[in-house]
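[1] no FASTA, just this:
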DNA sequence: GGTATGAGCTAAATCGTTTTAGTGCAAGGA
DNA sequence: TCCTTGCACTAAAACGATTTAGCTCATACC
C-alpha cells in the first residue's frame, strides 16, 4: 500500500488539509514553522509520494505534456525533447512523445495531458504574434542556415528534395522558396522522392533532365539526403562535383556514408524550453536566434 | 464541460450505478432490456466518454501499458509495437513507449500504468517457465535465422559485432555463442564497435589482424552493420568477397547502402499480441515460431 | 468590556468512477 | 398467512488529492 496524505497527517498529528498546505506551499496560508517541520519530517520518513491520478482528477488534467512528433526523427527532435523535458521537469511536469501519424483519441483521453504540442502545427498555441519566435520562425532560421551554406559555396541554382508526405513538408517548402526569393535567387527546383528505390531513380533521372543547371540540392532531412545520394551513386553522378547535396537535421548514418553527408545540426534544446514555458502558461522569455550549425563533410 | 455518468443517469432516468452497470456490462447484474436500451441511447446522444482519470483513481491504475524500448529502434520494434497496440486496444488499453535509458520515476508515477514492459528484461513477467516463448526464446529464434543464413552460405568462422552499451547486448551475445556451439562451430569472434568513427577503424583493423580466418560478421543490428560497412570500405576490404556482413532487424537505410545490406527482417507483431495478453493477465496463446526472414541483398 | 482581526488550524465538499450493500416488490412454496 | 427467493434497481462508500468555508483562540483597538 502506498503512503497517502492521510498517513502523513496521522503521523504528524495534523489534518490532511494542513499536510496539503505544507507540501504544496499553498500561498495565503499561515503555518507555524514548527508544524511545517513536523509535516515535512513525517512525509520524508514515511516516503510519501503524491498520487498523481488523484491529483489529476481533482485538477482536471494530468501534469503531463504530450508532444506529437509524427514521422519526425533526428537530432533536432532529440535536442528539442531534451529541452522540453528539462524545463517541464523543473515545474513538476512530464513529457510524453508519440510518433504516430494519427491522433489517438483513446490515448489522449487516458492521459488527459495539460497541453498537447503538435509539431505538425506550424504555429504552436501561444506563439500567436508574427515574428515572436514560434516554431515557424525557428525552422526558418535553420532552413536559412542550410541554404546560406550552398550560396556561400557559390551555388546559384538550387533544388529542394522532399518526401511525398509527412509533417512539416509544406512549411519547409515555403521557407526554401521565400529564402531564395529574398536573396534574389531563382526559385528552387522541386524534387519529390517517392518511398521505393526504383521510383526514386526515375524521379532523379527526370529531375536531372529537366533541371540540368541545378548544381546543389538541399534535402528535407538527412533521410532524404541519403536516399538521394544512393540514387545518384547508382546513376554515376559524382557528389559533390557534379551535384552537391546537403542534409538537414543531422541523422545517425550520414557521417558513415560515402561521400560523408554535409548537413545541418539543429540544437533545439533552448527552443524546447520555450515551448515548455509556453505550454505551462509561464511568462515567455525573449527569442534568441537558435544555433543551427553546418556540419561540413564531403557531400557539399 | 465533459458529459459525466451523472448526466447520462439523469437523462435516462436511472441512478449512476445503473449507468455504470450498463456501460461496463458488469457481470452478475440483471437489467431489463428496456433500461439497457434507454441508458445506451442517452449515453450515445449526449456523447458520453468515460473519464479515464476517475476510473484510474478508482481502479488503482490507468488502463495503460508502458513499453520501455531504451535505445532500440528498427522494424522489429515497430511491428512489436503494432501488435501490442492492436491487442491492447482490443481490451480497452493504450500503449505508451519510452525511448529513454533511465527509468523515469516521475513519468511512471504520473502514468500509473497497469503494466510495465521492459525490453531490457530478458524474461518478461508472466513468461516464467523455460521454453514458453518469452522474449528470450523469441530473440533466440531470430538470432538463429541470422546465423543459419551465414552457415548456409558456407561460412564457418563467424564474428559478432555489437555496440559497447545498450539493451539486449548480453542476451544476443549469449545466444550467438550458444547457437554456434550447438551447431558445432567455433565460438564467435567478438567485435566491439565504439561510438566514434576513428575508434571503429582501429577496432576493425585490430579485429582483422587477430581473426584473419573470419569470413562473415553478424551484426547486433542494422545500425552496427552500417557502421561496420563504412569502416570496411574505408580500409578497402571488399564486401562480401573478403568479408560478408549481415545486419539484424531491418533498418531504414540498409537498402540504400553500397553494397546493399543483407539483413534479417523481424515480424514481431504476433509476439506483441502475446506480450499484450500477458500484460493484461489474459490466458496465454500457444507460441508459434515467429517469422523472421532474411532479406537477401548484397553484403552477405 | 465588547468586538473586530488575524493566526493557525480543521471539516467537508469536490473531482467521476466503481463496487458493495441494500431496498422494495412480486412470485412461489409451506 | 408468512417466509424465502430473485429481480431490478438505488444509496452510499470508497479511491486520494485540492480547496473553500469555517472554527477557535489570542491579541488589539475603542
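    Arrived safely, thanks for sending. Predicted model only: the values in this text are computed from it and were never measured.

[2] and the next helix or strand past the helix or strand that contains residue A:230?
    Following DSSP states H and E, the helix or strand that holds residue A:230 is helix A:222-234. On the C-terminal side of helix A:222-234, the closest following helix or strand by DSSP H and E is strand A:244-246.

[3] by contact count, what packs against that following strand?
    Here strand A:244-246 touches helix A:135-152, strand A:216-219, helix A:222-234, going by 3 or more C-beta pairs under 8 Å, 6 or more residues apart in numbering or on different chains; DSSP states H and E. C-beta here means a position set from N, CA and C on the backbone, and glycine is covered the same way.

[4] so how far is the first one from its chain's centroid?
    Okay, so that is helix A:135-152. 16 Å (C-alpha atoms, centre = their mean, to the nearest Å).

[5] only the buried residues of that helix, if you could.
    A:135-147, A:149-151 (16 or more other C-beta atoms under 10 Å in any protein chain shown).

[6] okay, now the unreliable bits of the stretch 51-200 of chain A?
    Applying pLDDT under 70 to the stretch 51-200 of chain A flags the ranges A:121-134.

[7] all helices of it, in order?
    Assigned by DSSP state H, counting those that start in this stretch, the helices in the stretch 51-200 of chain A fall at A:52-59, A:75-90, A:105-111, A:135-152, A:169-182, A:197-210.

[8] A strand includes residue A:265, no?
    Yes - counting by DSSP: H, G, I helix; E, B strand; the rest coil, residue A:265 is found in a strand.

[9] can I assume it is in contact with residue A:75?
    Yes - counting by C-beta atoms under 8 Å, residue A:265 does reach residue A:75; the two are 6.4 Å apart.

[10] overlap of the contact sets of those two?
    Residues touching both residue A:265 and residue A:75 (C-beta atoms under 8 Å, 6 or more residues apart in numbering or on different chains) are A:249-250.

[11] spatially central residue in chain A, please.
    residue A:77 (3.9 Å; C-alpha atoms, centre = their mean).

[12] which non-adjacent residue is nearest that one?
    Nearest residue to residue A:77 in three dimensions, chain neighbours excluded: residue A:69, at 6.0 Å (C-beta to C-beta, 6 or more residues apart in numbering or on different chains).

[13] the one you found is in contact with residue A:98, isn't it?
    Yes - Residue A:69 is within contact range of residue A:98, at 6.8 Å (criterion: C-beta under 8 Å).

[14] quick one, grab the pLDDT at the residue in the stretch 151-300 of chain A that DNA strand D sits nearest to.
    At 14.2 Å from DNA strand D, residue A:281 is the closest residue in the stretch 151-300 of chain A, using C-beta to the nearest atom of the strand. Per-residue confidence at residue A:281 stands at 85 (pLDDT).

[15] how much space separates the nearest residue to residue A:100 once chain neighbours are set aside from residue A:119?
    Closest residue in space to residue A:100, ignoring its immediate chain neighbours: residue A:70 at 7.6 Å, by C-beta to C-beta, 6+ apart. Per C-beta to C-beta, to the nearest Å, residue A:70 is found 6 Å from residue A:119.

[16] of these two, who's got more company?
    residue A:119 (20 against 16; other C-beta atoms under 10 Å in any protein chain shown).

[17] contact partners for the more buried one?
    A:67-70, A:72, A:135, A:167-168.

[18] need phi/psi at it.
    Taking degrees, to the nearest 10, you get phi -70, psi -10 for the backbone angles of residue A:119.

[19] so residue A:2 makes contact with residue A:49?
    Yes - counting by C-beta under 8 Å, residue A:2 touches residue A:49, with 6.8 Å between them.

[20] so which of the helices and strands packed on strand A:244-246 is nearest residue B:292?
    Counting by C-beta to C-beta, residue B:292 lies closest to helix A:222-234 out of the helices and strands packed on strand A:244-246; the figure is 24.8 Å.

[21] near chain B, anything from that closest one?
    Yes - residues of helix A:222-234 contacting chain B under C-beta under 8 Å from any C-beta of the partner chain: A:223, A:226-227, A:229-230, A:233.

[22] quick check: the residue of the stretch 101-250 of chain A nearest chain B.
    Closest contact between the stretch 101-250 of chain A and chain B, by C-beta to the nearest C-beta, is at residue A:230 (3.5 Å).

[23] what about that residue, distance to residue A:288?
    Counting by C-beta to C-beta, the gap from residue A:230 to residue A:288 is 38 Å.

[24] those two - which one has more neighbours?
    More crowded of residue A:230 and residue A:288, by other C-beta under 10 Å: residue A:230, with 21 against 10.

[25] from residue A:50, how far off is the nearest residue to that one once chain neighbours are set aside?
    Counting by C-beta to C-beta, 6+ apart, residue A:230 lies nearest to residue B:256, which is 3.5 Å off, once chain neighbours are set aside. Separation of residue B:256 from residue A:50 (C-beta to C-beta): 50 Å.

[26] shaky segments in the stretch 201-300 of chain A?
    In the stretch 201-300 of chain A (pLDDT under 70), the answer is A:289.

[27] give me phi/psi at the closest residue to DNA strand C within it?
    Across the stretch 201-300 of chain A, the shortest distance to DNA strand C (C-beta to the nearest atom of the strand) belongs to residue A:281, at 20.7 Å. Torsion angles at residue A:281 (phi, psi; degrees, to the nearest 10) stand at phi 80, psi 20.

[28] domains of chain A?
    Using automatic domain parsing, the domains assigned to chain A come out as A:5-50, A:59-130+A:269-288, A:135-267.

[29] which positions in chain A make contact with DNA strand D?
    With C-beta under 7 Å from any atom of the strand as the criterion, chain A meets DNA strand D at residues A:1-2, A:4-6, A:16-17, A:20-21, A:23-24, A:26, A:48-51, A:54-55, A:57-59.

[30] out of these, which are inside helices?
    Among these, the ones falling in helices (DSSP state H) are A:5-6, A:16-17, A:20-21, A:23-24, A:54-55, A:57-59.

[31] show me just the buried residues among the residues you listed.
    By 16+ other C-beta under 10 Å, those give A:5, A:20-21, A:23, A:54-55, A:57 as buried.

[32] run through those residues and flag the ones next to DNA strand C.
    Answer for those near DNA strand C (C-beta under 7 Å from any atom of the strand): A:21, A:54, A:57.

[33] for residue A:72, give me its contacts.
    A:99, A:119, A:166-168.

[34] what about residue A:85, how many neighbours?
    By other C-beta under 10 Å, neighbour count at residue A:85 equals 24.

[35] likewise for residue A:296?
    There are 13 residues near residue A:296, going by other C-beta under 10 Å.

[36] now it: closest residue in space, sequence neighbours ignored.
    residue A:262 (5.5 Å).

[37] now do the same contact list for that neighbour.
    Counting by C-beta under 8 Å, 6+ apart, residue A:262 has contacts A:149, A:240, A:244-247, A:294-300.
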